[in-house]
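Peer 1: Sharing a model that was predicted from the sequence below.
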Amino acid sequence: MNYAKDRGWDTFEKGLKGGAEVIKKYYIGNRQDTKYFMKFNVLNNSIYHQYMQNITAPIAEGKSLKNGYMKYDPNLNGEYLFKIPLFYDMPGNDTPSPDNDDKYNATVIISEGVRARSDSTRNSDKVKVLSFGQMFEVFEKVENGKDPEFVWYRARIGNQYGYIPYYRVSNPRK
């Protein structure tokens, strides 16, 4: 809202025109002229001027865009131009899409802090301390880790990743 106020976009029409000018100048003018290129700046080898973090969004947004086209052209008989980036030196095999079958939901059950570690050993660096009852997402169970006395979960806690001892976790379920 402050962005719009600072630019004097105090009516719908001014906001629409001003927003279109921003898109024209900073995206279309930089050859980022598709929804994909606006979010992933792959054209000039720069990490700047991009913001996409959800790697599944292109599929969802593509379906949404298709549904929008189909409202006006139900058989999709019109002419459409698609700009598809080509990437070289990519692996030969497709990576399967993630699904929820590989996830656990888990809750820490002890009343004191649990240390999430950088590796599946008791002596690895501490990544984060979890509180009683804190939720986190578990990706896999590491049964034969580098510390054979323990079984570990590889987990994501907020935006950090680490390993948590199996015995410290309640309610792991697939």
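Peer 2: Cool, got the structure. None of these values were measured; they are calculated from a predicted model.

Peer 1: any chance you could map the helices in this structure?
Peer 2: Per DSSP state H, the chain carries helices over the ranges 2-6, 12-26, 35-39, 57-72.

Peer 1: Now do the second one: distance to the chain's middle.
Peer 2: Remark: helix 12-26 is offset 27 Å from the chain centroid, using Cα atoms, centre = their mean, to the nearest Å.

Peer 1: Would you indicate which residues of it are buried?
Peer 2: Across helix 12-26, burial judged by 16 or more other Cβ atoms under 10 Å covers no residue at all. For the C-beta atoms, the positions are set from N, CA and C on the backbone; glycine is no exception.

Peer 1: between the helices of the chain, which gets the lowest average pLDDT?
Peer 2: Ranked by mean pLDDT, those bottom out at helix 35-39, which scores a mean of 78.

Peer 1: could you dump that one to CSV, C-alpha only?
Peer 2: Presented in CSV, the C-alpha positions along helix 35-39 are these (Å, rounded to 0.1, in the frame of the first residue of the first chain):
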residue,chain,number,x,y,z
LYS,A,35,4.9,-15.4,-15.9
TYR,A,36,7.8,-17.9,-15.7
PHE,A,37,10.5,-15.4,-16.7
MET,A,38,9.1,-12.8,-14.2
LYS,A,39,9.7,-15.3,-11.4
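
Peer 1: okay, and for the protein, where does confidence drop off?
Peer 2: 43-53, 55, 95-113, 132-133, 144-149, 167-174 (pLDDT under 70).

Peer 1: centroid residue for the chain?
Peer 2: Ranked by distance to the mean C-alpha position of the chain (Cα atoms, centre = their mean), the top residue is Asn54 at 2.9 Å.
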